[in-house]
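# just a sequence and a predicted model for now, questions to come.
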Protein chains: 2
Amino acid sequence: MTISIAHLGPKGTNAETAALAYAKWLWQEKGQESVLCPCPSIAQTLQAVAKGETELAMVPVENSTEGGVAITLDTLWELDKLQIQQELVLPISNTLLSHGKSLQEIKTIYSHPQALAQCQKWLELRLPSVQLIPTNSTTEAVQQISQNLNAGAIAAPRASKLYNVPILAENINDYPDNCTRFWVVGLTPTTEGDRMSLAYSIPANLPGALMKTLQVFAQRNINLSRIESRPTKRSLGEYLFFIDLEGRMTQEALSELSNYTEVVKTFGSYSILPIQGIAID
Amino acid sequence: MTISIAHLGPKGTNAETAALAYAKWLWQEKGQESVLCPCPSIAQTLQAVAKGETELAMVPVENSTEGGVAITLDTLWELDKLQIQQELVLPISNTLLSHGKSLQEIKTIYSHPQALAQCQKWLELRLPSVQLIPTNSTTEAVQQISQNLNAGAIAAPRASKLYNVPILAENINDYPDNCTRFWVVGLTPTTEGDRMSLAYSIPANLPGALMKTLQVFAQRNINLSRIESRPTKRSLGEYLFFIDLEGRMTQEALSELSNYTEVVKTFGSYSILPIQGIAID
C-alpha cells in the first residue's frame, strides 16, 4: 500500500523537502512507497490526517532562529488525536531568487514571514529600502515575481531549479545554523521512542503552579529539551505549556503531573530520524 | 516639550489606536502633549527609541488568541537598553471591510497574519474557499483592496472611517475576549511599578535548569503572570525565557537568579494603565 503524506505546498517549500527526505528514507529502509499531497496551509495539512484523507502529515514545529510554529502546536492541541511518529531536523538555507541581474535593481522582496524574519539583518544591511511583502509560502513568493526584474523571492535553493529563476544571493540567513524541526504526524499511537511531547494547561494566577509541574520532571531527572507557552485563547493570562522531553514518562509520573494541571494531552513517544545522508535535489 | 511616540503604521493600525489612547491619557492626566510617529515595522519602532529619534514606542507584546509577538521580545533582548514605562491592554475587534455588497462576492481577503489567525475559524466557516493574502499591517490590507469589489480586508473598525471602506461584517474574531497587551517603551529606567519583566538564558541540556530559576520566584511567593521561551538563534535547543511577574524582585532575588542563568536582562518595573474610559474614534 502506498502511504500519503500531506505537507504545506506548492512544490518547492521546505516542508516538501522534509517530506521528500522522509519518503526516501521510507523507501530505502522499509521498501515502503509513498506519495506527497501538497496542502494550502499547515492547519489543513494536519486536518487532512485527522479526517483520514492522508495517512501522515509533515509539519514544521520550530525554527532555530524564529522559534515555535504556533499554528502547528495550536492545531495539535485542538484536534486532540494526532500522534507524532517521527522527528526530523532540516538545515534551512535561504536563497534570494530573481530575474534581475543585480541587488541594486531589486525594489520588492516576497517571501513567507518566517523566511523574511530569518534574513532580516541581511536585508537591513544589503537592501535597507526594499519593500518586503509576505506570502503564504516561499514557493508562492517565487511564483509572484514571474518575469519582474525588480522583484526578488526568498526561497530554498531547490525552488530555483523547479521554477527556473536564477539565484542572486546564496545563504542569506542571519544565523548560519538555521534549521527547522519537523514532525511526521499520524493517527497510530506511538510509545517506543526516546523523545516525548505533551502539553497541559495549569490553573491561572496560582504562584508556583508551573514550577510544581516542572518538579515532576526534575525529580525524575528527565531533561526538558523545550518548553513553549501558548495562550488558551479564552482569556489573556491563561496558558498551555508544550513540553518536549528526552526519554519517556511513566504512567505514575503522568498521574502525578495531573495533580497540578487542568488538562494533559500526550502527543506520543518518537525518535529523531537521521537524514544527513539523504540528498534531495 | 512635546513627546514623540513611535508605533507600527500607517494610520489605522491597532498600535496607532493604543498610541492614541496613551497620548490622550498623557494629556488628560499630566497635561503632556505628544505626537505620533508611524514606522514601517515593529523592529524599526523600537530602534527609533534606541537611536533617540523618538522618546517612546508603543509595541504589541502578546495577543490573547495568537500569543507572543516574537519580534518585540527578540528586539528588546537585542537592543538591551529599553525599559518598559507602562502597559496597556486594548480590546481588538476585527472587522471585514469591503466595497463589495455581500460575502458571496469576496474572493480574496487581505490582512496582517496576526489578524488572519485571530479570525481563522470564522473564515473557514463563512468563506472556506477565499484566498488569504498576508500584509505588513491591517492598514496596508485596507489600502490594497482600493475599489476591488471582490476583495476584503480585516482591520479595526476605525480603519473603515479613516479610509472610507464600508464594513461587511463586524466582530469576526474567533474568540470574543480578543485583546492585545502593549508596552510603552523608553530609555528612562523604571523601578516603581507593580509589574516587572525580565529575560534570561540558561545552560542547555541541564536537567532541571529551568526549574531552578523558577524556584527563585516560587520561594518568594512571586506570581509569574507569563513565561515565554524564545530561541537564542545560535543553535536549535538553546533558549531565552521571558518572564512577566507581579510585584518586584529584590536585588538579593536577582542575585540568586544569576546563579542559575547565563545572562539576565531586566526590562523595568511598570504599571498597567486603565484605558477603559479613553474612547478613540
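Nice, I can see it.
# quick one, helices of the stretch 151-281 of chain A?
A:157-163, A:209-218, A:251-259 (DSSP state H, counting those that start in this stretch).
# quick one: average pLDDT of the first one?
Mean pLDDT, computed over helix A:157-163, is 93.
# which helices and strands does it pack with?
With contacts defined as 3 or more C-beta pairs under 8 Å, 6 or more residues apart in numbering or on different chains; DSSP states H and E, the packing partners of helix A:157-163 are strand A:95-98, helix A:138-145. C-beta coordinates here come from the backbone N, C-alpha and C atoms, glycine included.
# which helix or strand contains the spatially most central residue of chain A?
For chain A, A:P60 is the residue whose C-alpha lies nearest the centre (C-alpha atoms, centre = their mean; 1.2 Å). Taking DSSP states H and E as the criterion, A:P60 maps to strand A:56-63.
# show the subsequent helix or strand relative to that strand.
Following strand A:56-63 toward the C-terminus (DSSP H and E): strand A:67-68.
# not counting that next one itself, show me its contacts.
With contacts defined as C-beta atoms under 8 Å, 6 or more residues apart in numbering or on different chains, strand A:67-68 is touched by A:V61, A:E62, A:E228, A:F242, B:A70, B:S229, B:R230, B:P231.
# just name the closest of those residues to B:L116, please.
B:A70 (16.4 Å; C-beta to C-beta).
# and A:Y260, what does it touch?
Going by C-beta under 8 Å, 6+ apart, A:Y260 touches A:I202, A:A209, A:K212, A:T213, A:V216.
# let's have those residues in CSV, adding neighbour count, distance to B:Q131 and pLDDT.
Formatted as CSV, those follow (neighbours: other C-beta atoms under 10 Å in any protein chain shown; distance: C-beta to C-beta, whole Å; pLDDT from 0 to 100):
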residue, neighbour count, distance to B:Q131, pLDDT
A:I202, 17, 39, 91
A:A209, 17, 42, 86
A:K212, 18, 46, 90
A:T213, 23, 42, 93
A:V216, 20, 46, 94
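# between the contacts of strand A:67-68, which sits nearest A:I272?
So of the contacts of strand A:67-68, ranked by how close each gets to A:I272 (C-beta to C-beta), first place is A:V61, at 11.9 Å.
# chain neighbours aside, what residue packs nearest to the closest one?
A:R181 (4.7 Å; C-beta to C-beta, 6 or more residues apart in numbering or on different chains).
# what's near enough to touch that neighbour?
A:P60, A:V61, A:E62, A:N63, A:E87, A:L88, A:V89, B:L236.
# can you lay out the residues you listed as a markdown table showing pLDDT?
Shown next, in a markdown table, are the contacts of A:R181 (pLDDT from 0 to 100):
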| residue | pLDDT |
| --- | --- |
| A:P60 | 96 |
| A:V61 | 96 |
| A:E62 | 95 |
| A:N63 | 93 |
| A:E87 | 97 |
| A:L88 | 95 |
| A:V89 | 94 |
| B:L236 | 88 |
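# out of the helices and strands packed on helix A:157-163, nearest to A:W27?
So among the helices and strands packed on helix A:157-163, helix A:138-145 is nearest, using C-beta to C-beta, at 23.9 Å.
# quick check: mean pLDDT across that closest one?
On average, helix A:138-145 scores 93.
# report the buried residues of that helix.
A:T138, A:T139, A:E140, A:A141, A:V142, A:Q143, A:I145 (16 or more other C-beta atoms under 10 Å in any protein chain shown).
# nearest to chain B, of the residues you listed?
Closest approach between the buried residues of helix A:138-145 and chain B, by C-beta to the nearest C-beta: A:E140, at 9.5 Å.
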